[in-house]
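Asker: quick one, fold the following:
(chains A and B)
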Number of protein chains: 2
Amino acid sequence: MKYQKIPEATIRRLSRYSRCLEEMEEKGEKVVSSAQLANKCIVNAAQVRKDLAYFGEFGIRGVGYYVRDLLNNIKKILGSNKEWRMALIGVGNLGSSLLAYKDFLKQNYTIVAAFDIDPPKVIGRVSEKLGKPVEVFHINRIKEVTKERKIEIGLIATPPSEAQSVANLLVEAEVRGILNFAPAQITVPEGFVVKDVFFTIILDNLAYLLSN
Amino acid sequence: MKYQKIPEATIRRLSRYSRCLEEMEEKGEKVVSSAQLANKCIVNAAQVRKDLAYFGEFGIRGVGYYVRDLLNNIKKILGSNKEWRMALIGVGNLGSSLLAYKDFLKQNYTIVAAFDIDPPKVIGRVSEKLGKPVEVFHINRIKEVTKERKIEIGLIATPPSEAQSVANLLVEAEVRGILNFAPAQITVPEGFVVKDVFFTIILDNLAYLLSN
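Answerer: Next comes the predicted model:
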């Protein structure tokens, strides 16, 4: 399999295919054609075939794909076939809703610790939302706790003014992946990866499409 | 100015430029070169020049761009130079955090009504978060209220199982834009636009980059 130079748009579609395939697997479906997968994922069939062609040979000519095999292969490619241990930084409104976000657990992304600077939220308080207790620590323990709990991804849900300094702490703690919900640009050294989730940037895109 | 066929990636970068330009304007900066803008937005300068070239002539040779003019022009292009009136559907954990999301107001995206099916949350209850009261209605009033309040965008923050039926209600109410936070694929007829905010799909992308 070729792992290199896969376009980012393909990677995003692979995630979507994996969600569709999971639903099919849950329903007991064994085999899927590229046309069926395309239809389910609302992508055109040629695009599906092109995306899957990056990874070569797991289709069966004239039949399609084995659902479970294709799903496993896509997850292996994405690196989503393992548990990713995450830290949440910022237990405000948005942060609290992330602690309760069911799709993280379903997809094997687990928040194993949370951090805040605000005293009432810290000192070992436990979030019991969804029966999934997450300990909330003072931010000054981030380096020690992320190391101890083998955390690889940090979710930043602080006010924008704090986002860069939190990112710096994560870099210092060698947490290599950051999902940034705070509406502020942050920079990290090479070897670290940031993805932003800026709701108003996506709304700008929607506004553009509605206006034109 | 050419408004047509601008690539989606350019549109996303234009939003980022507008955020950077706003910060510059707040600091009283009058003029910016493409290199300075690139540096601030963490994009390369050639990319900035290429993106802005879609819109022709608002640079000044040897100087750069007037901050306010460039900002206004970009906002006009994006359609973000007006207030967009939004409805929130689903006042659970995530929905409540969206009611309190400060960047919406800052960027002129205003939630003017919320809807839910869960009795304790409805019957005209008012969310007072951030001093911005938003009335919460029963979902069965969506058509009447969205029309009355001239709502153009719906934010779906329901459980995934309800997302499509809520999208259908929004379509019926002629709310043309949907920002979908529920981790479920939804379809809408032509003339309507859906953008998804799927946190775990973005995490898959991050996982891929961390694994490869």
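
Asker: going forward, measure contacts between C-alpha atoms and count neighbours the same way
Answerer: OK.

Asker: and the strands in chain A?
Answerer: Using DSSP state E, the strands assigned to chain A run over residues A:31-32, A:59-60, A:64-66, A:84-89, A:109-116, A:125-127, A:134-138, A:153-156, A:177-180, A:193-196.

Asker: most packed of those strands?
Answerer: Here the criterion is mean neighbour count by mean count of other Cα atoms under 10 Å in any protein chain shown, and of these the winner is strand A:153-156, at a mean of 27.

Asker: identify the spatial nearest neighbour of residue A:195, chain neighbours not counted.
Answerer: In space, residue A:195 comes closest to residue A:179 once its chain neighbours are excluded; the distance is 5.0 Å by Cα to Cα, 6 or more residues apart in numbering or on different chains.

Asker: do you know how far the one you found is from residue B:177?
Answerer: When distances are taken as Cα to Cα, to the nearest Å, residue A:179 and residue B:177 turn out to be 26 Å apart.

Asker: can you check residue A:170 too?
Answerer: Using Cα to Cα, one gets 36 Å for the distance from residue A:170 to residue B:177.

Asker: domain-wise, how is chain A divided?
Answerer: What the record gives for chain A is the domain set A:8-77, A:84-201, from automatic domain parsing.

Asker: and the strands of chain A as CSV, adding distance to residue A:73 and mean pLDDT?
Answerer: As requested, the strands of chain A are arranged in CSV below (distance: least, Cα to Cα, whole Å; pLDDT from 0 to 100):
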stretch, distance to residue A:73, mean pLDDT
strand A:31-32, 14, 92
strand A:59-60, 11, 74
strand A:64-66, 11, 88
strand A:84-89, 18, 97
strand A:109-116, 18, 94
strand A:125-127, 35, 60
strand A:134-138, 31, 90
strand A:153-156, 23, 98
strand A:177-180, 23, 98
strand A:193-196, 23, 96
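
Asker: and the ones you listed as a markdown table, adding distance to residue B:192?
Answerer: Listed next are the strands of chain A as a markdown table, based on distance: least, Cα to Cα, whole Å:
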| stretch | distance to residue B:192 |
| --- | --- |
| strand A:31-32 | 29 |
| strand A:59-60 | 35 |
| strand A:64-66 | 32 |
| strand A:84-89 | 35 |
| strand A:109-116 | 32 |
| strand A:125-127 | 39 |
| strand A:134-138 | 40 |
| strand A:153-156 | 32 |
| strand A:177-180 | 29 |
| strand A:193-196 | 26 |
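
Asker: where does chain A have low pLDDT?
Answerer: Across chain A, the stretches falling below the confidence threshold (pLDDT under 70) are A:1-4, A:55-58, A:119-132.

Asker: so in it, which helix runs the longest?
Answerer: When every helix of chain A is counted residue by residue (DSSP state H), the longest turns out to be helix A:8-26.

Asker: residues near residue A:184, how many?
Answerer: A count of nearby residues for residue A:184, using other Cα atoms under 10 Å in any protein chain shown, gives 18.

Asker: ugh, typo on my part, it should be residue A:182
Answerer: Around residue A:182 there are 24 residues (other Cα under 10 Å).

Asker: got the contact list for it?
Answerer: Contacts of residue A:182 were listed using Cα atoms under 8 Å, 6 or more residues apart in numbering or on different chains, and they are A:156-160, A:163, A:197-198.

Asker: can you name the farthest residue from the center of chain A?
Answerer: residue A:62 (34.0 Å; Cα atoms, centre = their mean).

Asker: tell me the contacts of the residue nearest to residue A:195?
Answerer: Contact analysis of residue A:179 by Cα under 8 Å, 6+ apart lists A:153-156, A:194-197, B:203, B:206.

Asker: before we move on, back to that, dump the longest helix of chain A to PDB, keeping only the CA atoms.
Answerer: Presented in PDB, the C-alpha positions along helix A:8-26 are these (Å, rounded to 0.1, in the frame of the first residue of the first chain):
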ATOM      1  CA  GLU A   8      -6.000  15.900   2.500                       C
ATOM      2  CA  ALA A   9      -9.500  15.800   0.800                       C
ATOM      3  CA  THR A  10      -9.000  12.100   0.200                       C
ATOM      4  CA  ILE A  11      -8.200  11.600   3.900                       C
ATOM      5  CA  ARG A  12     -11.300  13.400   4.900                       C
ATOM      6  CA  ARG A  13     -13.400  11.300   2.600                       C
ATOM      7  CA  LEU A  14     -11.800   8.100   3.900                       C
ATOM      8  CA  SER A  15     -13.100   9.100   7.400                       C
ATOM      9  CA  ARG A  16     -16.500   9.400   6.000                       C
ATOM     10  CA  TYR A  17     -16.300   6.100   4.200                       C
ATOM     11  CA  SER A  18     -15.200   4.500   7.500                       C
ATOM     12  CA  ARG A  19     -18.300   6.000   9.200                       C
ATOM     13  CA  CYS A  20     -20.600   4.600   6.500                       C
ATOM     14  CA  LEU A  21     -18.900   1.200   6.600                       C
ATOM     15  CA  GLU A  22     -19.300   1.100  10.400                       C
ATOM     16  CA  GLU A  23     -23.100   1.600   9.900                       C
ATOM     17  CA  MET A  24     -23.200  -1.100   7.300                       C
ATOM     18  CA  GLU A  25     -21.200  -3.500   9.500                       C
ATOM     19  CA  GLU A  26     -23.600  -2.800  12.400                       C
END
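
Asker: which strands and helices sit next to that helix?
Answerer: helix A:34-41, helix A:45-53, helix A:67-78, helix B:199-211 (3 or more Cα pairs under 8 Å, 6 or more residues apart in numbering or on different chains; DSSP states H and E).

Asker: how about the shortest one: buried residues?
Answerer: The reference is to helix A:34-41. Going by neighbour count (16 or more other Cα atoms under 10 Å in any protein chain shown), the buried part of helix A:34-41 is A:34-35, A:37-38, A:40-41.
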